[in-house]
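>>> Just the structure for this:
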Amino acid sequence: MISEDLGIEVTSNEKVTLNMCTKLICDDMAAHPSVIALGSNPSWGSIPVALKKEMCARHANIMKDSGIDFTRCLGNWASTARVAHLWRDRHKRLQSYFFML
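Numbering: from 1, shown residues only. Below you'll find the predicted structure:
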């Protein structure tokens, strides 16, 4: 799926790194005040465009620092559905944590 989304061949090691980087960015996005302010079940489209662009650039930089240069994918850093799913999952876990306190 990742190879199809990015339009390039990705090795298994690169997939692991890509997934880890994506999870880190999704965690950061879920913890961002403007995302938290959207409530418990926001849509991907409700996230401010500037924040999505910032996270996209950070994602590309983290991958590049990890030895993967996907600069040409900037703006299409993975399947939007996959990223949105990871983000929603992290956001829900974060919300559950706050309600437990």
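>>> Show me where the protein has its helices.
Applying DSSP state H to the chain gives helices spanning 2-6, 12-31, 33-36, 49-65, 80-100.
>>> Please verify my assumption that residue 68 contacts residue 17.
Yes. Counting by C-beta atoms under 8 Å, residue 68 does reach residue 17; the two are 5.9 Å apart. C-betas here are computed from N, CA, C, even on glycine.
>>> Next, count neighbours for the nearest residue to residue 25 once chain neighbours are set aside.
Using C-beta to C-beta, 6 or more residues apart in numbering and skipping the chain neighbours, the partner closest in space to residue 25 is residue 59 (4.6 Å). Neighbourhood size, residue 59 [other C-beta atoms under 10 Å]: 24.
>>> Kindly report the same for residue 28.
The number of residues packed near residue 28 is 18, by other C-beta under 10 Å.
>>> That one: what's it in contact with?
Listed by C-beta atoms under 8 Å, 6 or more residues apart in numbering, the contact partners of residue 28 are 55, 58.
>>> same check, this time on the one 10 residues further on
Contact criterion C-beta under 8 Å, 6+ apart gives 46-47 as the residues in contact with residue 38.
>>> what's the distance between it and residue 23?
Separation of residue 38 from residue 23 (C-beta to C-beta, to the nearest Å) stands at 20 Å.
>>> likewise residue 92?
14 Å.
>>> do residue 61 as well
16 Å.
>>> Over to residue 59?
11 Å.
>>> Show me where this protein dips below the pLDDT cut-off.
Residues of the chain meeting the criterion pLDDT under 70: 1-8, 69-91, 93-95, 97-101.
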